[in-house]
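Q: Have a look; sequence and predicted model below, questions after that.
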Amino acid sequence: MNANAAAHGGVVQYPGQVGTGSYFDGGLAQLIGWRIAGFLVTVCTLGICYPWSFVMIYKWEVEHMVIEGRRLRFEGTSIGLFGNWIKWWLLCVITLGIYSFWLSIKLRQWKAKHTYFA
């Protein structure tokens, strides 16, 4: 371990770096609970509320994440995702599934657009 890392509790600090490190502080029991709740909501609504489940779980994940000493915040809403979800689903139907190749990119762009430092 170099002197820089030893001075900061084993975390290497680079010039211009903010904070003391990156970590995730969520627990397994919480994750399992959120995933079960999301699954039940999705199944009970026949998939209509999947965007709500997705946002609920992703918000929990993001809000338990710290990057370079700064906690993240997620401000996306299930209604905002639902509008995009319908649009993306229709584009998949119209293009006979070809648009589905872009779905994961669109979803990642939507998540990044609504994720901030707290």
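A: Nice, I can see it.
Q: What residues of the biggest strand by length in the chain count as buried?
A: Determined from DSSP state E, the single longest strand within the chain is strand 70-74. Neighbour-count burial for strand 70-74, counted by 16 or more other Cβ atoms under 10 Å, picks out residue 74. Bear in mind the C-beta positions are built from the backbone N, C-alpha and C, glycine included.
Q: Give me the residues contacting the helix or strand just after that strand.
A: Downstream of strand 70-74, the first helix or strand assigned by DSSP states H and E is helix 78-94. Residues outside helix 78-94 that contact it (Cβ atoms under 8 Å, 6 or more residues apart in numbering): 49-52, 54-56, 98-100, 103, 106, 110, 114.
Q: Check the contact between residue 25 and residue 66; I expect there is one.
A: Yes - assessed by Cβ atoms under 8 Å, residue 25 is found in contact with residue 66 at 7.0 Å.
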